[in-house]
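A.B. asks: structural data only, the sequence is not supplied:
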Ligand code: SAH
Ligand code: DHB
Ligand code: MG
């Protein structure tokens, strides 16, 4: 019952503020056609990420977990023409779909999709000295979230905004007996985040068209 209400209100908000143009709608369709799981951020979450990118005056963004490029496009649209968005994806098939969507969005010159395990790509990115990034969005596989956070810090400067999706998992983070590796992964991340003196952070719960979850919002201290 509550889920129905959350969905209706999500629709109300997205009708007002979360407009999906044909490119964003087409991105979701292209994922359905390619049998890619429907685990993109929602329209309102995409808009929220876009606002955060603008608020942080981001010119250089790192995304970990591209999927079909849906969040990539919301974020990419916050960037100036000389901006840069590097996004990391394990699955070549996801990256191929994302690439087509990003080009359709006119973001082909701004978005760089790299394929591989994020934990193997991140050291290469550090060596290339592409960073520091202004904003980092963590949204790949959940077990190594704490390691992604460590890498995010290495690729940050004071003031960098780090956002991590799916850190509440329908409240399963409250269950100390939960054996789901994804839940264990985000709990480990949340604890490391809370204890880390280099950052200031909180988590906002998210409800709506997607299941109850949460996003961690983090700023790197000076
Ligand atoms: N940010 C996307 C959703 C990402 S879903 C959006 O909101 O639109 C998570 C993605 O992370 C999937 O495409 C999955 O293939 C990818 N992934 C899983 N394990 C990974 C790894 N080790 N390194 C990089 N990407 C990974
Ligand atoms: C999953 C991953 C996501 O990034 C998400 O937003 C929802 C679910 C998952 O792997 O279950
Ligand atoms: Mg997610």
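C.D. replies: In hand now; what should we look at? Quick caveat, the model's predicted, so the values are computed rather than measured. Ligands and ions are numbered 1, 2, ... in the order given.

A.B. asks: wasn't residue 63 part of a strand?
C.D. replies: Yes. Assessed with DSSP: H, G, I helix; E, B strand; the rest coil, residue 63 lies in a strand.

A.B. asks: how far away is it from ligand 1?
C.D. replies: Taking C-beta to the nearest ligand atom, to the nearest Å as the measure, residue 63 and ligand 1 are separated by 6 Å. C-betas here are computed from N, CA, C, even on glycine.

A.B. asks: OK, contacts around the closest residue to that residue other than its chain neighbours?
C.D. replies: Leaving aside its chain neighbours, residue 63 sits nearest to residue 87 (4.0 Å; criterion: C-beta to C-beta, 6 or more residues apart in numbering). Contacts for residue 87 (C-beta atoms under 8 Å, 6 or more residues apart in numbering) come out as 62-66, 69, 72, 98, 111-114.

A.B. asks: contact residues of the protein facing ligand 1?
C.D. replies: When proximity is defined by C-beta under 6 Å from any ligand atom, the chain lies next to ligand 1 at 39-41, 65-67, 70-71, 88-91, 94, 117-118, 139-141.

A.B. asks: return only those of those found close to ligand 3.
C.D. replies: Checking those against ligand 3 by C-beta under 5 Å from the ion, the ones in range are residue 139.

A.B. asks: quick one: buried ones out of the residues of the chain next to ligand 1?
C.D. replies: Neighbour-count burial within the residues of the chain next to ligand 1 applies to 40-41, 65-67, 70-71, 88-90, 94, 118, 139-141; the criterion is 16 or more other C-beta atoms under 10 Å.

A.B. asks: would you say residue 87 is within a strand?
C.D. replies: Yes. Assessed by three-state DSSP, residue 87 belongs to a strand.

A.B. asks: roughly how far does it sit from residue 140?
C.D. replies: Going from residue 87 to residue 140 by C-beta to C-beta, to the nearest Å gives 10 Å.

A.B. asks: okay, and the common contacts of those two?
C.D. replies: Looking at what touches both residue 87 and residue 140 (by C-beta under 8 Å, 6+ apart), the common residues are 64-65.

A.B. asks: so what's the closest residue to ligand 3 within the chain up against?
C.D. replies: Residue of the chain nearest ligand 3, by C-beta to the ion: residue 165 (3.5 Å). Residues in contact with residue 165 (C-beta under 8 Å, 6+ apart) are 41, 45, 137-139, 213, 215.

A.B. asks: redo the residues you listed as JSON lines? Include pLDDT.
C.D. replies: Converted to JSON lines, the contacts of residue 165 look like this (pLDDT from 0 to 100):
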{"residue": "41", "pLDDT": "98"}
{"residue": "45", "pLDDT": "98"}
{"residue": "137", "pLDDT": "99"}
{"residue": "138", "pLDDT": "99"}
{"residue": "139", "pLDDT": "98"}
{"residue": "213", "pLDDT": "98"}
{"residue": "215", "pLDDT": "98"}
